[in-house]
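> take a look and give me a structure for this.
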Amino acid sequence: MPLKADLDAIDWKILRELQDNGRITNVELSRRVGISAPPCLRRVRRLEEDGIIKSYRALLDRSMLGYDVAAFCLVGLEHQAEADLRDFGERARSWAIVRRAWMVSGDSDFLLQCVATDLAAFQTFVIDELTSTPNVDTVRTVLTIRQVKDEGLVAFDD
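Numbers count the residues shown, from 1 in each chain. Sure thing, here's the model as predicted:
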């Protein structure tokens, strides 16, 4: 697949380092990628302006904050017209319990990643909100047991 951005080896190194540690200082980042600080900062700003770096976030330990349930919901809609898909996507963005959502292909139309304080809160969401949403036909839930991998979203070739 062709790249959608013009990136050189230094850009790729910057992206790898920032994906691993978004709080790294520019001085340390420039040292790790092998260029001086001013051009490193210019490159990071260009990557941000070009939309390749979308944002920076702190990754929180949900269980330490009392959110003990992580689950996925596979949602099938009765109708898949563009307006129906858009309406459900907007509704998914409004639910605080839904932390990530994707429109998917296959037997389901959406995959929702949910985080809740406990099983009762998740069940309440599924029963009172999700299954009662207009145009929702099927909901399949998957409760997680333990996370075994948590990496950045892009795998870089070494």
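> could you use CA atoms for every contact and neighbour count after this?
Noted.
> for the residue most central in space within the chain, give me its contacts.
What sits nearest the mean C-alpha location of the chain, by Cα atoms, centre = their mean, is Arg100, with 5.5 Å. Contacts were defined as Cα atoms under 8 Å, 6 or more residues apart in numbering; by that measure Arg100 touches 112-114.
> between those, which is closest to Ser30?
Gln113 (35.4 Å; Cα to Cα).
> that closest one sits in which helix or strand?
Taking DSSP states H and E as the definition, one finds Gln113 inside strand 110-116.
> show me what that strand is packed against.
Applying 3 or more Cα pairs under 8 Å, 6 or more residues apart in numbering; DSSP states H and E, we find strand 110-116 packed against strand 69-77, strand 98-103.
> take those strands and write them to CSV, including mean pLDDT and distance to Ala58.
Formatted as CSV, those follow (pLDDT from 0 to 100; distance: least, Cα to Cα, whole Å):
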stretch, mean pLDDT, distance to Ala58
strand 69-77, 98, 18
strand 98-103, 98, 14
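> so for Gly34, which of these sits nearest?
strand 98-103 (35.2 Å).
> that closest one vs strand 69-77, what angle?
30 degrees (axes from the mean of the first three to the mean of the last three Cα atoms, to 10 degrees).
> thanks again, I'm all set now.
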